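**Student:** give me a model of this one.
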Amino acid sequence: MIPLRAALWTAVACLLGLPSPGLPQTAATAPALTFPQAAERATAAREGRPEEAVRWYREAVRLRPSWDEGWWYLGALSYEKGDSAEAARAFARFVELKPDSGPGWALLGLSEFQRKDYDAALRDLTRGLSLGTVGNAEIRDEVYYHAALLRIRAGEFELAVEPLSVLARAKPERPPLVTACGLVLLRLAYLPDGVPADKREIVQAVGGATCAGLALQAGAGPRFEELLRRYPKTPNLHYGYGAYLLRKDEGNAAAAIAQFEKEIEVDPGAVYARLEIAYELIRDGQHARALPYAERAVELAPGLFAAHNALGRALFETGQAERGIAELEKAVQLAPGSRQARATLAGAYARAGRPADAEREREALRRLEAERGPSSRSSLAREQGVPRKEEKP
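**Tutor:** You can find the predicted model right below:
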C-alpha cells in the first residue's frame, strides 16, 4: 500500500467538493463538547498529529453522523495508518452520504482489499471507476493495480489487461507490476503473495516481457523470443508475443497470426489465439477462413460472448444470415452491456431486412451510450474478449 500524505487527502477532498479545511459550521453550544469544538480540534490536528485527529474525528461524527467531511478524513487517516477496519467503516458511511463519489467507493474498495474482503473490494473498486474519477494520480494507480489483482484472482484475466497497460506505460517494470503482468499472461489465478515457489521464476521472467509489451517498448520483441527459447512448451507465450506484435503495429498481422497458430500447436485448447486469428481474418474480409477458428472458439468457450460475436459475423458474411444472427443474438444475451455486440447485431438486422429489430437494438445502444458516454471506457469496464479496437459493423 502506498502511504498517502495528508496533503493528498486534502487534494482529493477538494475534488469531491468537500469544505476546505477550517472551522465547520457552528452548532448550538452545550455544556459538553460540541460538534464545532470536536471538528475544529480534528482539523487542527490533521496535518501533524494524525492519532489525535482520528480521536476527534470519531467524536465529531458521533455528534453529527451526517458530516461527510469528517467521515472522509476519518477513513483517510485510518487507511494511512493501516487500520483498514476503521477505514472501511468510515468510507462505507461516507458513500452512504455521497453515493456518486468515485474516490469514496475507490478508497472503500482499497480498505476492503487490505482486510482481505476481496469480493467486496472488487465490487466497490469497480463502482468507483465507473463513476469517472477516483482521485489524484497516486490513488488512481493504487486503484488500477488492486483492481487488476482482483481480476487476476477471479480468473478474469482479460479484464486485468487494460489497467495493467495503463500502469506499464506510466511506471514500467516495478516489481509488483511485473508479477501481476506475469500472472495475467500465464493465466495463473493468484495474488502476488500466493504464487507457489516453483512458479515464481517463470512469473517474473514472463512478467518483465509482458510489461515491456504492454508499454510498447522496442525491446519487448527480443524478450518474448528469449522467453520462447527458455520455455518453448509453456502455454500463452506465443499468444502474448502475437498480441504484442498487433498492439505495436497492425501491419504485423501476418507475423502475429503465425504466433497464434504456434500457440494452438502448444495448447490445442487456446481460445483467445483462435479468436485473434478469427478477428484478424474478419477485418481483412476473409470470413470463410475465419469461420473454423470462430466455430472452434465457441465449442471451447460457449459462455464467451466474443466467440459468438466472431462466429455470427463470419456466418452472416458467408451467406448464412439466419445462423449468423442467432449467434449474434447469443452474444448480446451473454453481454447485454456490450456496445460492440449490440451494434453488430443492429447492423445484421438492418441488412437482413428486419428494421424493427434493428431499431430496438439501436435504442438499447443509445441507452448504453447515455449511461457511459460515447467515448468513455472505464478501465474495469472493458468488454472481455473484445478485439483490441472497436469496429463498426
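**Student:** my read: Ala278 touches Glu295, true?
**Tutor:** No - with contact defined as CB atoms under 8 Å, Ala278 does not reach Glu295; the gap is 9.1 Å. Every residue, glycine included, has its C-beta placed from N, CA and C.
**Student:** for the two, indicate the residue with more neighbours.
**Tutor:** Counted by other CB atoms under 10 Å, Ala278 and Glu295 do not tie: Ala278 has more neighbours, with 30 against 18.
**Student:** so how far is the helix or strand containing that one from its chain's centroid?
**Tutor:** Element membership for Ala278 (DSSP states H and E) is helix 271-283. Centroid separation for helix 271-283 versus its chain: 23 Å, with CA atoms, centre = their mean, to the nearest Å.
**Student:** before we move on, what about stretch 310-320?
**Tutor:** Using CA atoms, centre = their mean, the offset of stretch 310-320 from its chain centre is 30 Å.
**Student:** list the buried residues of it.
**Tutor:** 310-317 (16 or more other CB atoms under 10 Å).
**Student:** ok, of these, which one's closest to Phe157?
**Tutor:** Ala310 (18.6 Å; CB to CB).
**Student:** what stretches of the stretch 1-150 of the chain score poorly on pLDDT?
**Tutor:** 1-31 (pLDDT under 70).
**Student:** where along it do the helices fall?
**Tutor:** Shown for the stretch 1-150 of the chain, the helices assigned by DSSP state H, counting those that start in this stretch span residues 6-16, 35-45, 50-63, 68-80, 84-97, 102-114, 118-130, 137-153.
**Student:** between these, which one is nearest to Ala306?
**Tutor:** For these, proximity to Ala306 was assessed by CB to CB; helix 137-153 is nearest, at 16.4 Å.
**Student:** which strands and helices lie in contact with the closest one?
**Tutor:** Helices and strands touching helix 137-153, by 3 or more CB pairs under 8 Å, 6 or more residues apart in numbering; DSSP states H and E, are helix 6-16, helix 102-114, helix 118-130, helix 157-170, helix 175-186.
**Student:** can we see that at 7 Å?
**Tutor:** Applying 3 or more CB pairs under 7 Å, 6 or more residues apart in numbering; DSSP states H and E, we find helix 137-153 packed against helix 102-114, helix 118-130, helix 157-170, helix 175-186.
**Student:** can you say which of the ones you listed is packed in most?
**Tutor:** Mean neighbour count (mean count of other CB atoms under 10 Å) peaks for helix 102-114 among the helices and strands packed on helix 137-153, with a mean of 27.
**Student:** may I have that one exported as PDB, CA atoms only?
**Tutor:** What follows is helix 102-114 as a C-alpha-only set of coordinates in PDB (Å, rounded to 0.1, in the frame of the first residue of the first chain):
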ATOM      1  CA  GLY A 102     -15.800   7.800  -7.200                       C
ATOM      2  CA  PRO A 103     -13.000   8.400  -4.700                       C
ATOM      3  CA  GLY A 104     -15.200   7.300  -1.800                       C
ATOM      4  CA  TRP A 105     -16.000   4.000  -3.400                       C
ATOM      5  CA  ALA A 106     -12.400   3.500  -4.600                       C
ATOM      6  CA  LEU A 107     -11.000   4.100  -1.100                       C
ATOM      7  CA  LEU A 108     -13.700   1.800   0.400                       C
ATOM      8  CA  GLY A 109     -12.500  -0.900  -2.000                       C
ATOM      9  CA  LEU A 110      -8.800  -0.400  -1.200                       C
ATOM     10  CA  SER A 111      -9.700  -0.600   2.500                       C
ATOM     11  CA  GLU A 112     -11.600  -3.800   1.900                       C
ATOM     12  CA  PHE A 113      -8.700  -5.300  -0.100                       C
ATOM     13  CA  GLN A 114      -6.400  -4.700   2.900                       C
END
